[in-house]
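Q: Sequence and predicted structure, then a few things I'm wondering about:
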Amino acid sequence: MTDPRLASLAEQLPGLRLFTAPAELEHYGRDWTRRWTPAPLAVALPTSVEEVQGIVRWANEHGVALVPSGGRTGLSGGAVAANGELVLSLERMNRVLGFDPADRTLTVEAGMPLQAVQEAAKAQGLIYPVDFAARGSCSIGGNIATNAGGIRVIRYGNTREWIAGLKVVAGNGELLELNRALVKNSSGYDFRQLLIGSEGTLGVVVEATLRLTDPPPPSQVMLLALPHMDALMEVFALFRSRLSLQAFEFFTDVALRHVLAHGAQRALDGEHPYYVVTEFDAADERAQEAALAAFEHAVEQGWIEDGAIAQSEAQAAALWRLREGITESLAAHKPYKNDVSVRIGAVPAFLHEMQALLGREYPHFEVVWFGHIGDGNLHINVLKPADLADADFIAQCEHVTKLLAATLKAHGGSISAEHGIGLVKKPYLGSTRSEAEVALMRGVRQVFDPKGLLNPGKLFD
Ligand code: MLT
Ligand code: ZN
């Protein structure tokens, strides 16, 4: 270790694995945004809470900034280390620590991938219901840091709903045990909830106790083709009133083109401007008949043009792939991503304003819409033309995001529904949160992390 700070870290924590090779710095210093050039000081991979505490205390001694790091699948730059920070990777803290059948909770280390958490819950005959396409790579700690949402929010809510307790190392190295999995705990401020969604700026989540629940009844998956945008929320209202929905996701014909070009299988003939993948409880014949009746009613109303219902698990997976494969199919086009939300009631008016705005402002760019429309959450991906320089492309998109942020503000929406603010959306935080709120956030941060060493520059400056 040539850097004296790292030499002192290695001396204080002799068992700690530290990476300093350029390839490792690049790998651990970036997330899925790929906008910033990674430049961390080093990468530390602790295996215990004590080591994490030791790292945070060392950081305080030497004034080194820390970037807590999970699966780095984030889309807002929250896990980027581009300024000589130490990446604190929770990757090696990935074990199940316990299952409590009475409380129906699973306690895990923060670096455990979401999919491994889901499998551990399944092994107990229960489910951890938060789910999304990055499940194999993202970590539960990262999910907590961004209050991740995904494709089942409509039924189960966001990550926040499933966190019974947290162990967190605060900015001074102190270990906090938050809520201890209590169902009822009316004893003052709930710091557990404050930590969820704090993007690594208040503490390092080291362990989480997760609530589990019963598996849902057997379900059916349908793909619907819709003739126009207004039909989206009409079909949603109809299906929600008649069926027990687990998911209601939408995408456009442009998204479908990309996902098909990327290897997904076509499920419907013809061209249609909008598509929905929906999953709903269908335990018995009555539920299946109700679904068919809802479908037929929507066809009669002119809200649905065509549809397909999965007849097997393989077909259901193929329909889901049309939606879940979108992000991967766009990656090569270096998309500029917006992840916005409004109240469900505000979606129709907002969609119209957005369509007009994007049509006007992006005449030359390909724009892909998809997302969790049943939660009022829309993903707008603008694809970079191959001959345009990255910086010019981003500058043009930032201009449109400013306008979008103003539209969102007018509708009481959010500039970040589920990806977090990170670096990408920092300039727009004020469109979603009032000045008074941001001032309070800064104050809270000062209390948890007096030296400002935890993920500095993320969320706000
Ligand atoms: C999704 O809903 O697929 C994810 O949020 C990822 C993305 O927006 O690209
Ligand atoms: Zn999403």
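A: Yes, it's here. Residues are numbered from 1 along each chain as shown. Ligands and ions are numbered 1, 2, ... in the order given.
Q: Just confirm yes or no for the strand or helix carrying L378 near ligand 1.
A: Assigned by DSSP states H and E, L378 belongs to strand 377-383. Yes - using C-beta under 6 Å from any ligand atom, strand 377-383 reaches ligand 1 at H379. Heads up, the C-betas are built off the backbone N, CA and C, glycines and all.
Q: name the helices or strands packed onto the helix or strand just after that strand?
A: Downstream of strand 377-383, the next assigned helix or strand under DSSP H and E is helix 390-410. If you count contacts as 3 or more C-beta pairs under 8 Å, 6 or more residues apart in numbering; DSSP states H and E, helix 390-410 packs onto strand 336-341, helix 347-361, strand 377-383, helix 429-432.
Q: Could you export the first one as PDB, keeping only the C-alpha atoms?
A: Written as PDB, here are the backbone C-alpha positions of strand 336-341 (Å, rounded to 0.1, in the frame of the first residue of the first chain):
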ATOM      1  CA  TYR A 336     -30.900   9.100 -20.900                       C
ATOM      2  CA  LYS A 337     -33.400   8.000 -18.200                       C
ATOM      3  CA  ASN A 338     -36.200   9.800 -16.500                       C
ATOM      4  CA  ASP A 339     -38.100   7.900 -13.700                       C
ATOM      5  CA  VAL A 340     -41.000  10.000 -12.800                       C
ATOM      6  CA  SER A 341     -44.300   9.600 -10.900                       C
END
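Q: Residues in contact with that strand: which ones?
A: 75-76, 371, 375-382, 384, 393-394, 397, 401, 404, 408, 413-419, 424 (C-beta atoms under 8 Å, 6 or more residues apart in numbering).
Q: With the shortest one instead?
A: Contacts of helix 429-432 from elsewhere in the structure, counted by C-beta under 8 Å, 6+ apart, are A405, A406, L408, K409, G413, S414, I415, S416, I421, V438, L459, F460.
Q: filter these to the buried ones?
A: A405, L408, G413, S414, I415, S416, I421, L459 (16 or more other C-beta atoms under 10 Å).
Q: Residues of the stretch 351-461 of the chain that sit close to ligand 1?
A: Going by C-beta under 6 Å from any ligand atom, the residues of the stretch 351-461 of the chain near ligand 1 are G371, H379.
Q: Which ones among the buried ones among the contacts of helix 429-432 lie within helices?
A: Applying DSSP state H to these, the entries found in helices are A405, L408.
Q: for the buried ones among the contacts of helix 429-432, which one is nearest ligand 1?
A: S416 (10.9 Å; C-beta to the nearest ligand atom).
Q: In contact with H379, which residues are there?
A: Residues in contact with H379 (C-beta under 8 Å, 6+ apart) are K337, N338, D339, W369, F370, G371.
Q: any chance of the contacts of helix 429-432 in CSV, with distance to P4 and pLDDT too?
A: Below are the contacts of helix 429-432 laid out as CSV (distance: C-beta to C-beta, whole Å; pLDDT from 0 to 100):
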residue, distance to P4, pLDDT
A405, 44, 98
A406, 49, 97
L408, 47, 97
K409, 48, 96
G413, 48, 98
S414, 44, 98
I415, 41, 98
S416, 39, 98
I421, 34, 98
V438, 37, 98
L459, 31, 98
F460, 31, 96
